[in-house]
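*Asks:* Need coordinates for the following:
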Amino acid sequence: MNNSRSAVQDQADTLRGMERLSDSAMTSEQTGTATRVYAITSGKGGVGKTAVVANTATAMAKLGKKVLILDADLGLANIDVVFGLAPKYNLNHFFSGDHSLSSIMVDGPHGIKILPAGSGVQNFTRLDSSQKLKLLDGLDQMHNEFDFVLIDTEAGISENVTYFNTAAQEILVVTTPDPTAITDAYALMKLLSTQYHEKRFNLVVNQIQHENEALDVYRKLTMVSNRYLDISIDFLGSIPSDRQMTDAIRKQRVIVDLYPSSKISTAFVNLARTICSEQPISTPKGGVQFFWKRLLDISGRG
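*Replies:* You can find the predicted model right below:
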């Protein structure tokens with residue numbers, strides 16, 4: 001009789017162990033984990049935004065995350081150049097109805113997927129409502145395929161820039177210690193706050209000489225925004241200036257692959273870890289967003 005009870009207990013323990021294994025192997029669909037979408041943006045060009053996107057995505061992929069990069073500079077594509085890719089099709093072909101998103105997607109290093117933009121074509125540099133909804137719907141169909149989507153916006157405050165920033169769950173502003181870059185970063189946050197009701201921003205300070213420089217930029221932006229805007233700014237980190245970045249760009253390689261032990265590569269890895277460790281947003285922030293159907297579904301379950 002004791003042997004019988006022992007056998008039953010062993011079976012129960014085995015079943016519980018199988019349940020735990022099954023739980024740990026559940027997909028994002030079953031666990032209700034949403035794809036997290038970051039718009040990487042800047043008030044002006046020349047701050048190294050695309051390099052931040054490419055290297056952060058690579059560092060994330062090395063951490064085991066499934067990453068999609070959407071090149072949202074629809075007239076002057078850069079992401080494919082940084083990775084040394086030559087895509088046959090791009091988002092212009094998607095918007096014109098010739099190809100689906102999945103058919104224009106190209107493979108980057110470490111399993112990164114890239115939706116490339118066109119270059120030197122003005123057709124879709126200003127998306128209309130139907131094109132925006134087409135892109136929303138196309139991406140929404142991929143909601144289980146990626147942990148993170150990084151949107152590399154064009155620089156400035158164009159209509160496309162505001163659209164991609166408001167459609168993303170998180171906005172990451174890239175600036176440098178240059179006074180004009182700081183001023184333009186503030187102008188972008190002001191526009192998104194006052195006209196589009198964005199209240200939460202993340203900040204990365206690129207091309208710094210020392211950490212105090214980055215903290216000074218953060219203090220300046222925080223001080224002026226506290227005085228004139230109702231927003232919060234989270235400082236995610238800084239990236240040091242490094243002459244090897246020029247070499248990496250020339251070789252069309254990301255610096256975290258070309259010089260993995262460098263100080264700048266360590267900074268990108270730290271930034272990737274910080275973003276990956278952030279608590280995901282479980283409810284939409286308002287308005288129409290990428291993967292909004294998924295977010296609404298999760299919110300409804302909560």
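*Asks:* The stretch 201-302 of the chain: strands as residue ranges?
*Replies:* For the stretch 201-302 of the chain, the strands defined by DSSP state E, counting those that start in this stretch cover 232-240.
*Asks:* For Ala51, give me its contacts.
*Replies:* Ala51 is in contact with 82, 206, 245, 249, 254-255, counting by CB atoms under 8 Å, 6 or more residues apart in numbering. For every residue, glycine as well, the C-beta is placed using N, CA and C.
*Asks:* swap that for Gly45, please
*Replies:* Counting by CB under 8 Å, 6+ apart, Gly45 makes contact with 155-156.
*Asks:* what does Met105 give?
*Replies:* Counting by CB under 8 Å, 6+ apart, Met105 touches 68, 113-115.
*Asks:* and what of Ala54?
*Replies:* Taking CB under 8 Å, 6+ apart, we find Ala54 in contact with 69, 79, 82-83, 254.
*Asks:* Okay, now the unreliable bits of this structure?
*Replies:* 1-33, 120-124, 143, 281-283, 286-287, 292-302 (pLDDT under 70).
*Asks:* at 80 what do you get?
*Replies:* 1-34, 77, 119-125, 143-144, 280-288, 291-302 (pLDDT under 80).
*Asks:* what about the helices in it?
*Replies:* 2-24, 28-31, 49-62, 79-82, 91-95, 101-104, 129-140, 159-167, 179-194, 211-228, 244-250, 255-258, 263-277, 292-301 (DSSP state H).
*Asks:* Could you dump the ones you listed into a markdown table with distance to Leu150 added?
*Replies:* Formatted as a markdown table, these follow (distance: least, CB to CB, whole Å):
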| stretch | distance to Leu150 |
| --- | --- |
| helix 2-24 | 27 |
| helix 28-31 | 17 |
| helix 49-62 | 5 |
| helix 79-82 | 9 |
| helix 91-95 | 15 |
| helix 101-104 | 16 |
| helix 129-140 | 13 |
| helix 159-167 | 11 |
| helix 179-194 | 18 |
| helix 211-228 | 21 |
| helix 244-250 | 18 |
| helix 255-258 | 14 |
| helix 263-277 | 9 |
| helix 292-301 | 17 |
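*Asks:* Which of those helices has the highest mean neighbour count?
*Replies:* Ranked by mean neighbour count, the helices of the chain are led by helix 49-62 with a mean of 25 (mean count of other CB atoms under 10 Å).
*Asks:* Taking helix 263-277 as reference, get the angle to that one.
*Replies:* Orientation check (axes from the mean of the first three to the mean of the last three CA atoms, to 10 degrees): helix 49-62 against helix 263-277 gives 70 degrees.
*Asks:* how much does helix 49-62 deviate in direction from strand 232-240?
*Replies:* On the basis of the same axes, to 10 degrees, helix 49-62 is oriented at 90 degrees to strand 232-240.
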